[in-house]
Structures are given as C-alpha cells and as structure tokens.
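Student: Got a sequence here, can you build the structure:
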Amino acid sequence: MDKVYFIRNPESDYKQLGKDALRLLKNIVSDTGHKFEKEVPIKVHFGEKGNKTFIPAQCYDEVINYLKEMGVSPYYIETNVLYRGSRTRKDIHIETAKAHGFTQIPIIIADGDIGTEYDEIEINKDYIKKCKIGKEYSRFKQYIVMSHFKGHVEAGFGGAIKQLGMGFAARGGKLDQHSGISPVIESQKCIACGICAEKCDFDAITISDVAVIDEEKCSGCAGCIAICPKGAIRNVWGGSNFREKLAEYAYGASRGKDIIYIAFVHNITEACDCAGKPMKPIADNIGVLAAKDPVALDTACLDLVQQNSGQKLFDKGRDVLRHAEKIGLGKMEYELIEI
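Tutor: Residues are numbered from 1 along each chain as shown. Below you'll find the model as predicted:
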C-alpha cells in the first residue's frame, strides 16, 4: 500500500504552504532514499490570464531553494494549451507565467513555440496507442509534479494525473484526448455575432442564421464556450472516453520517469486554472499532500475533499482513478500519514 503524506493547513498563508510542501518532499526523500539528478524540472500550472485562484509562485519557493541547496538545477516546465488563450504559444505563455510571478527559475515550454514538437511514446492501451508528449520531457529522468487539486468540467477533478496526462501532452496529444468531443449551439441564445468563428483555431465554425459547428473539424477544445458573449455554446461530453484517455496519457507521460508528486488542496474551485476568470472556492481549504504514486495521491485528495465538504464533489473523477489503476499507473488504495 502506497504512503500519502499529509499536512493539514486550512489557512491561506502561501509562504507556509510552501514550507509544508518542502516538509513533505523531505519526508519522501528520507523514506525512499531518493537521490536527485543534476537537473530536475518542476511541473506546475501558471494559471490562465484572468484566473485568480491558481497556486501562486511563492508556494514553490521553498522547494526551489532546497533543490538549489542540494546542488540541483531546477526548471519550471509546461506545455502550450490547446484552446486560444494567454498560454497558446510559447512567447505569450512565458509572458503570462512571469506576469503571475513565476520568475525564480528558467521556464521550459516542452512542446515548442506552437505546441508541435513532441516525441511519441508507445503504450498500446485501450484508447491510446501512442502518446504525443512534449519533446523536452525526454531530456530529463526526474520530475517533481506539483499540482493544484480542484474541479474540472470533464475530468471531474484536476490533480496529479491531469498534470501528467494533459500537462505533459503536446498539442497533438491534447487533441487525441479531446477527440470525439464537440460543443453544441443553443440556437435560441445565439445572436450570430461571429465571435466564435473568428476565434476558432480550427475553422470549425461557420455563421448563417446561427453559428454552426463542423464536428469533423472541431477539436473539442471548448474555447468557443469561453468567449461566447451570450453563453450560447455548451459542452456535450458523453461517449468520448475523455477520462480514460487522460489516464492513459498520464501513464505514457510517467513511464520510465522518477517522479515525486505534491498536491495543494487549496482554492478548490469548480473549474480548473485554465479558466481565465475569477472564481469562488466551493469547498474549504484542506492542506498539502505528497506521494510517489499519482493515483494514490489523487484518491486521497478526492477522499479528503468529499469528507471535509460532506458532498460528493468531483465524483466522476473516480472514473479516471479506476482506469488509471486498471492500466497500471498506480493504486487507489493508500495509507494516509498525517504529519
């Protein structure tokens, strides 16, 4: 049974959260005899422009300083997003990261200038045969994946597995996971303004009396949903196996890598940090968790959120956990060690 370390901290003291993260990291290093390589990237989420509830840069300071003291060169690492936003291209992605305070260490955008640089990792699972993983990820053997546990419209929740599956995937890999997913137009709300067609990166929308989505061209990125001024576009997610594909991409991303996972269960919002708008938390802050097993870690985070809130928040995310366990990414059973 895998160990999940936990420090309860409901306070919004980001400096203390960083200290908690370091304490958990040291526990794992001590418990496992972990030895760091000379270079260790830290996988984070910089937050979309306009988002206010992403985990702020100061939460990573303690881990960064510790790595430097150990003679390790740390980097931030990320991939470009699929939808049109402030992190679509390498240049504006880095600008957004720096504007959000992520200036302590160099930033690597692993899939290049526009998300087209990748290596294929063969996994031959139920839905994905080959994963398109950002090319720069192949350079490193070790990672520290630091995730923000919160909601996600289709995955159920975003945590360590999503940081792997979506966060390591190049643009083509993100398309693989979203394939078969297409939003729909609510014609009674649509005013045929054309904003969605203008902003669509895939030329999948045309305008007549109302907007029309070409399902063959649509990537399922849902960018049109975010920019529609009338809220006339909504998701229809059924039948796409997105959650299973996400788990399989996480398997491919982590294969052959030595990874420590740390999760901040704070600022728990209904949607993820890709939402470029302020959001209100829907559950109380809980604390920081860490493990070597991403499935055990995400399961523990979900269990704590549900126990603490008394609600079945993000419960469809258990589909991700079950499939991840089935394909060998990790185990849902865990031993929670509160420090």
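Student: shouldn't R84 be in contact with F202?
Tutor: No - using C-beta atoms under 8 Å, R84 makes no contact with F202, being 10.0 Å away. For the C-beta atoms, the positions are set from N, CA and C on the backbone; glycine is no exception.
Student: Mind jotting down where the strands sit in the stretch 1-150 of the chain?
Tutor: Using DSSP state E, counting those that start in this stretch, the strands found in the stretch 1-150 of the chain span residues 2-8, 39-43, 73-78, 107-109, 118-122, 130-134, 142-148, 150-152.
Student: Name the strands paired with the fourth one and say parallel or antiparallel.
Tutor: Right, the one you point to is strand 107-109. Paired strands of strand 107-109, with direction, are strand 73-78 (parallel) (DSSP bridges).
Student: And the second one, by the same measure?
Tutor: In the sheet, strand 39-43 lines up against strand 73-78 (parallel), strand 142-148 (parallel) (DSSP bridges).
Student: In it, which residues are buried?
Tutor: Under the neighbour-count criterion of 16 or more other C-beta atoms under 10 Å, strand 39-43 has V40, P41, I42, K43 buried.
Student: Could you do the third one as well?
Tutor: Under the neighbour-count criterion of 16+ other C-beta under 10 Å, strand 73-78 has P74, Y75, Y76, I77, E78 buried.
Student: For those, work out which two are farthest apart.
Tutor: Of all pairs drawn from the buried residues of strand 73-78, the greatest distance, 13.8 Å, lies between P74 and E78 (C-beta to C-beta).
Student: sorry, back to before: closest one to G18 among the strands paired with strand 39-43?
Tutor: strand 142-148 (10.2 Å).
Student: Using a markdown table, lay out the strands of the stretch 1-150 of the chain together with distance to K217 and mean pLDDT.
Tutor: Shown next, in a markdown table, are the strands of the stretch 1-150 of the chain (distance: least, C-beta to C-beta, whole Å; pLDDT from 0 to 100):
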| stretch | distance to K217 | mean pLDDT |
| --- | --- | --- |
| strand 2-8 | 43 | 97 |
| strand 39-43 | 31 | 98 |
| strand 73-78 | 27 | 98 |
| strand 107-109 | 26 | 98 |
| strand 118-122 | 21 | 96 |
| strand 130-134 | 19 | 96 |
| strand 142-148 | 32 | 98 |
| strand 150-152 | 24 | 97 |
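Student: Stretch 229-249: end-to-end distance?
Tutor: End-to-end distance for stretch 229-249: 33 Å, by C-alpha to C-alpha, to the nearest Å.
Student: Now that stretch: average pLDDT?
Tutor: The pLDDT scores in stretch 229-249 average 82.
Student: Please shift the residue numbers so they start at 38 in all later answers.
Tutor: That works, and once the first residue is 38, the last one we named lands at stretch 266-286.
Student: Tell me how many other residues crowd the closest residue to P111 other than its chain neighbours.
Tutor: Nearest residue to P111 in three dimensions, chain neighbours excluded: L104, at 4.5 Å (C-beta to C-beta, 6 or more residues apart in numbering). A count of neighbours around L104, defined by other C-beta atoms under 10 Å, yields 21.
Student: All good on my end, thank you.
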